[in-house]
Structure formats: structure tokens, C-alpha cells
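>>> would you be able to build a 3D model of this:
(chains A and B)
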Amino acid sequence: MSSTPMGGPGSAPVAEASAATSGTGSGEGPILRVADLARQYGGVRAVDGVSFQLQPSTITGIIGPNGAGKSTVLTVVSGFTSPTAGTIEFLGRDVTRLPMHRRAQMGLVRTFQIARVFDGLTAIENLMVAVPRQRSLTLKGLLAGKRYWRSEEEEILARAWELMNTFGMADKANEKAGRLSGGQRRAVEIMRALMTRPKLLLVDEPMAGLNPKLTRELEEVFLALRRQGLSILIIEHELDTVERICSEVLVMAWGKVIARGEMAELRTRKEVQDAYVVG
Amino acid sequence: MANLAYIVVIAAGAYTYGILTLGPDTGNGGFQQYVLGYRLPFFVAVIAAAAVGAGVGVLIGVTGLKRIRQDYQAMVMLVISIMAATVIGAAPSFLGGEPGLSLIPNPFSNLSPTTGAWAYVAMVAFACAVGYLVMRRFTSGPMGRALRAMRDDEHAAAAMGFSVIKMRLLTQAVGGAFGGVSGALLVAFIGGWSPGAWAYVETLALLTAVIVGGMGNDFGVSLGTFVIAVLLLQGVQFLPQIRSHTGLTEAIGWMTLGIMTIAFLWLRPQGVFRERRPRYGQPAVGSAGGGEVAEGRS
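Alright, predicted model coming up:
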């Protein structure tokens, strides 16, 4: 990632980027309800009866030692993998059997633990391609050509540049994503997710590989997005980050949620300390 | 995903054109057997070949929907290609079996051989130009961007809301239609078609054309096709034959093709013309939607 700031607290660019989200649109109820979720791989129960709810406009963290089942929860909730048991409700609708792309179309969008960008596209194209239901991708758009989708394309481009500026990556916009550094790829992946106007963003270790300065900047971006109505479920090993941005934290170990609450309070809980030491 | 069964859709188009223009198989002394046997006009048969090619393309695409690694999918495609030729060759009453179909009518057969040949060349050149323009609709602009995204990482594309299955089948249908038309145009010119004409090595020739020209670059692929399929594989026919080694000149063509494939994969895997992407300029401050400014290509 470049040394250009991603946008400080309450900065105008962050506020603009926040407009890329579409809010929860879920009324008063929880945006996500997970009940008795289980995922088994052969004889291993990677996730074993996990239940939780996410409220709109919140950032919820999942922490735990390696192998606790955190990423599996995210993988199952996003639809990348089917659960062995349990149900997932998003915006009040049962999405347990919906494929990943249908969930994404509803606003349930994920990023990956190892950033997955479209290597053959430039950074800004990675963002532009993510906008759902583009007119240019319809049969009419193919037949009618640019006249039919030019104005929409210009709007998409403007939004993509907004995010590029916010994340301090304007100078990398026209570079192929395959040539970007790890941190830059991660930023592109997060921006790409934001281009879809998500209602709930699932992010898996977004701070991994970032230096402390960039970590704080990304935290500010997440907080600004939350203020604009986006809900975020974040898996993170950096506990200070979790404490700063998450209103609620789930602690996982051995495939189960063993504790939940605020990070400051969880630090003092013996079962949490044991899980990290033993797990 | 490398479609190593592409020759099958070309064959589907060729057979479709054949059985829709040859007339009943009782004609010409009944020396060949095949189904249908209509005598439809040239353009109707070509359109039918496109439709059948699209359908076969989709069927082949369905096999790739299983979540398996792309290299394994490529192997499945290759096996489909070999199986299809074997099955058609083993069923003589379906599409002529191993001897295949012959005496397939040429639309310019009423002209003198030379005039007819050049008329055909002109028609095919026109078809190529139209095909290129149609293909550009798919490969450039936002649609091309979406297809490239899917090619780079299907899971990430699905995570953004793309229906990978839909996109993949659409690609197979469009590619199949193109293959069907090319098969029809080819068979109408050469007049015959049999399983030997679409062995898997033909697929490798197409693959080499893409590798040499440059994957993801329409112009490069067109150039690669011209160099490999026309200049190399057809060009060797004009080399002097060596009486003591019949077929050696043709073998030289295939050997050259293999060497070119290996050489390009080693020395220039991006092909002669590498894939290029448009550069976008930042919209001026205060502009309504921000203009798409293609400053160049990266």
C-alpha cells in the first residue's frame, strides 16, 4: 500500500467512501442470525453448534487461537461452503442453502484470508467489475453497445476513483492487480467488496501484513463505514484492533463460541486466556 | 479454463451442415448413411450449425461445473473430445461412422472452380470480419472485464455476486456458436468430414494458436490462428513431397507446431501480443459522472 493516508478519522474521503455502502435495510431486527451452525470435515468438527446474531451498523469481531474454526464460520456464512447443520438468516431470510453469489447479491459480501484479486485486471478494473447488475452485462447491453451503458460506466468509474483516493491508491489504479504488494492487494479486495454496496461485510484478517500506521488507517475506514450503516463481521488476530473497533467480540475455540462480550472485559476472562494458551 | 474440447463444437457444426444440405442418404447410390438428410439452403444450414454448436458447447460446459481444479477440467475436456470422435466413428448409421460424410455441397458449385474458390474465400473473409466485431462485443468493455475476472478467480467473482455458472455457460454457448459456424464453413468448402478430421491434435493446434498469438488478446488470437492453422498446417501441403518418406512434410508441420508450443510457453508465455488493459483517467473535479478517459493501455 502506498504511504498516502487511507483517510483519517471523519475525513471527507472516508465519508465519501462510506456512501458506497447501502446500509442494512433490515429495519429493527438483527441483520444476521446464525443458529446451531456446524461444519464437519470427515471426523473433524471444525465448527460445532455456533450461534450468534449481528445487529445493524455494528462491527463484531471473532477471535480465537489458530484452528478454532473462525474462518470456517465466515466461509459457511458467506456460502462458500455448506454447513453440515444449522441455519443462517440474513435480513430475515433463510439463506442457508443459497449459493455464495446469491448471498452476495443480497448484500452479504466477503473478503478472503489471503487476498484474492483478479490478477489480469488493473486495480481500478477490479473495483469496476464488482458493481452488481450492470447494464453492460445484459443481453440488451451487449446488443445496444456503449450508448446503453456509457453513463452508468462513468458513474462506476467515478465511484471507483473515490475509493482509490480514499485508500491512497490512486497512483496504483492502472497497474495490474497481479503486480501489487500484499497490502495493496488486500486494500483492492476491500474496496472491491465496498463497490458491491454491501449490507454486511465479512472480512478475514484484514490487518494481516499491514504496518501499524496502515492498520490504524484501515480501522478508521471501518469505523466510518459503520457510521454510515454498514455492518462488519471481522476475524482478526490483532487484539488491540479488535478492542478499538468492535462493539462485540466472539471468542472461539475448538469449533465453539466459548465467550462473548466487549474485548476489554474478555481479556480478563480465564476461559479466554486458557483457550489462547492451550488452544 | 482451457477448453480442450473445442474441436467437438466445430465438428458438430460441420456434421450439422452436412446432414442438412446433403439430402436423403438414399441419394448418390446410398453409399453413406446418416440421419435427417435435408436439402436446406446454405445460410439456413449455417445458422442451424451455429445453434447446434452453441448447444453442444453448453453441454460440454456443464461438465466443467463440478468444483474441480482447472487442470483436471482441461483433462475432462480432452477426454470428451476423444470419446466423441470414438463414439461417432463407431456409429455408421448416425453420421457416417469412420468414413464420415462426403459430397457435401459447396454453395458456389455452380461457378467455375477458380471463381468459386475465390468467392468462397471472400465470403469466409467477410464472415471472419463480422465474427471479429461480434466477438469484440464480448471481450472488450465491461463484459470482457467480467469474463476476465471470472477467468482469474471464479470464487472471488462469485463472492462479488457473479453467477459463475451462468457466465460460463454463456461463454460456452457463444464460443460454441462460433465453432459451429466455422465447422459449417470449413466442411462446405472441403466437401467431406470424418472423425479423423477432428482428432484431439486439432484441438492442440487451436490451443497453440492461442498460445502463440497471445491469450486474452483478440488480435493476437486471430493472428495466431492465421499463422498456425493456415500458414503452418495448410502451408506444408505446398512443400515438395519426399517420395521415400510419404507424409513427412505433413509431419514436419505437426512437429513445428509442437516445438512452437514449447518454445512459447518457455520463452514468451504471454504470446506475441500480450493481454493489454485500458488505462482510466481520474475524472475532473466537479464533473458529473467522471468521464471514461482511456489514456492508453497497460
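
>>> by residue count, what's the longest helix in chain A?
The longest helix of chain A (DSSP state H) is helix A:146-166.

>>> list the buried residues of it.
Residues A:149-150, A:152-154, A:156-166 are the ones in helix A:146-166 that count as buried (16 or more other C-beta atoms under 10 Å in any protein chain shown). (C-beta placed from N, C-alpha, C; glycine too.)

>>> likewise for stretch B:150-168?
Buried residues in stretch B:150-168 (16+ other C-beta under 10 Å): B:150-154, B:156-165, B:167-168.

>>> and it, end to end?
8 Å (C-alpha to C-alpha, to the nearest Å).

>>> returning to what we had before: intersect the buried residues of stretch B:150-168 with the contacts of chain A.
Among the buried residues of stretch B:150-168, the ones lying near chain A by C-beta under 8 Å from any C-beta of the partner chain are B:R151, B:D152, B:D153, B:A156, B:A157, B:A158, B:A159, B:M160, B:G161, B:F162, B:S163, B:V164.

>>> returning to what we had before: after the longest helix of chain A, next one along is what?
Per DSSP states H and E, helix A:146-166 leads on to helix A:182-195 as the next helix or strand towards the C-terminus.

>>> which residues touch whichever residue of the stretch 1-150 of chain B sits closest to chain A?
Closest to chain A within the stretch 1-150 of chain B is B:P142: 3.7 Å, counting by C-beta to the nearest C-beta. The neighbourhood of B:P142, defined by C-beta atoms under 8 Å, 6 or more residues apart in numbering or on different chains, consists of A:M128, A:V129, A:Q134, A:S136, A:L137, A:G141, A:W149, A:E153.

>>> strands of chain B, start to end?
B:278-280, B:294-297 (DSSP state E).

>>> helices and strands of the chain: which one bottoms out on pLDDT?
No chain in the question, so chain A it is. Taking mean pLDDT, DSSP states H and E as the measure, helix A:12-18 is the helix or strand of chain A with the lowest mean score, a mean of 43.

>>> beyond that helix, next helix or strand please.
strand A:32-41.

>>> run through who's touching that next one.
Outside strand A:32-41, the residues that touch it by C-beta under 8 Å, 6+ apart are A:45-54, A:69, A:72-73, A:76-77, A:81, A:83-90, A:108, A:200, A:231, A:233.

>>> stretch A:121-137: how far from the chain's middle?
Distance of stretch A:121-137 from its chain centroid, counting by C-alpha atoms, centre = their mean, to the nearest Å, is 18 Å.

>>> mind checking the SS state of A:D48?
strand (DSSP: H, G, I helix; E, B strand; the rest coil).

>>> with the one 4 residues further on instead?
Secondary structure for A:F52, judged by three-state DSSP, is strand.

>>> could you tell me the end-to-end distance of stretch B:233-253?
Distance across stretch B:233-253, first residue to last, is 6 Å (C-alpha to C-alpha).

>>> show me where chain B has helices.
Taking DSSP H, the helices of chain B run over residues B:6-21, B:42-63, B:70-89, B:92-95, B:113-139, B:141-152, B:154-159, B:164-190, B:200-213, B:218-225, B:248-267.

>>> helices or strands next to the fourth one in the packing?
Identification of packing neighbours for helix B:92-95 by 3 or more C-beta pairs under 8 Å, 6 or more residues apart in numbering or on different chains; DSSP states H and E yields helix B:6-21.

>>> averaged pLDDT, the helix it packs on. What do you get?
In this model, helix B:6-21 has an average pLDDT of 94.

>>> what does stretch B:265-276 give?
Stretch B:265-276 comes out at a mean pLDDT of 90.

>>> repeat that for stretch B:143-159.
The average pLDDT within stretch B:143-159 is 91.

>>> who touches that stretch?
For stretch B:143-159, the surrounding residues in contact (C-beta under 8 Å, 6+ apart) are A:78, A:80, A:99-101, A:104, A:109-112, A:116-121, A:125-126, A:128-129, A:134, A:136-137, A:141-142, A:189, A:193, B:1, B:137-139, B:160, B:162, B:164, B:167-168, B:171, B:216.

>>> what's the first-to-last distance across that stretch?
Start and end residues of stretch B:143-159 are separated by 18 Å (C-alpha to C-alpha).

>>> starting at the chain centroid, how far to that stretch?
Put simply, stretch B:143-159 sits 22 Å off its chain's centre (C-alpha atoms, centre = their mean).
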